[in-house]
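Peer 1: A predicted structure for the sequence below; I have some questions about it.
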Amino acid sequence: MIDGRVVRVRDLMATDVRSIDGLATVAEAIALMKEHNVSSLAVDRRDGDDEIGLVLISDIASKVSAPDRSPDRVNVYEIMSKPSITVSQDMLARYAIRLLVRFGISRALVLDAGRNPVGIVTLRDLVLGEQGED
């Protein structure tokens, strides 16, 4: 709580989540990340029964750059995390913190009631936002 108010994920999330198709190349993902100055992308569902994926700059570093693979020859679906950990925009920030810590991850996609991505939240955003401002 901050000054008696409940802090929810929606209060702390970044709403500029970008997405990419899983069949796109890593080179295309890098270009999109550069263009929008982000370090993660949601990976679109193939259909209504599919789950959202997530590709991070650290995935590119560890699975493409470090092993010296060509970003033009690797598809996003080969390196993404899927299913990814997601949180509801209505979840209390303190529970989102516990979830991310439990799984040892630094960020989660934020979904609305229809399971559509509406944002992304980082552990940093959650901890600093949940503690309030001085």
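Peer 2: Sure thing, it's come through. Numbering: from 1, shown residues only.

Peer 1: for stretch 117-129, which outside residues touch it?
Peer 2: For stretch 117-129, the external contacting residues (CB atoms under 8 Å, 6 or more residues apart in numbering) are 7, 9-17, 19, 40, 42, 52, 87, 89, 93, 96-97, 100-101, 105-112. From N, CA and C alone the C-beta is placed, and that goes for glycine too.

Peer 1: buried subset of those?
Peer 2: In terms of neighbour count (16 or more other CB atoms under 10 Å), the buried residues within those are 7, 9-13, 17, 19, 40, 42, 52, 87, 89, 93, 96-97, 100, 105, 107-111.

Peer 1: element containing Val55?
Peer 2: With the criterion set as DSSP states H and E, the secondary-structure element containing Val55 is strand 53-56.

Peer 1: in helices only, show me the contacts of stretch 117-129.
Peer 2: In this view, these that belong to helices under DSSP state H are Val9, Arg10, Asp11, Leu12, Ala93, Ala96, Ile97, Leu100, Val101.

Peer 1: what about the closest residue to the third one other than its chain neighbours, distance to Phe103?
Peer 2: Read that as Asp11. What sits nearest to Asp11 in space, not counting adjacent residues and going by CB to CB, 6 or more residues apart in numbering, is Gly129, at 6.7 Å. Noted for Gly129: a distance of 19 Å to Phe103, by CB to CB, to the nearest Å.

Peer 1: the more surrounded of the two?
Peer 2: With other CB atoms under 10 Å as the criterion, Gly129 and Phe103 differ in neighbour count, and Gly129 comes out ahead with 20 against 9.

Peer 1: okay, buried residues for the helix or strand harbouring the more buried one please.
Peer 2: Element membership for Gly129, per DSSP H and E: helix 123-131. Across helix 123-131, burial judged by 16+ other CB under 10 Å covers Leu123, Asp125, Leu126, Gly129, Glu130.

Peer 1: roughly how far apart are the residue nearest to Asp11 and Ala42?
Peer 2: When distance is defined by CB to CB, Gly129 is 21 Å away from Ala42.

Peer 1: just Ser70 next, same as before
Peer 2: When CB to CB is the yardstick, Ser70 and Ala42 sit 24 Å from each other.
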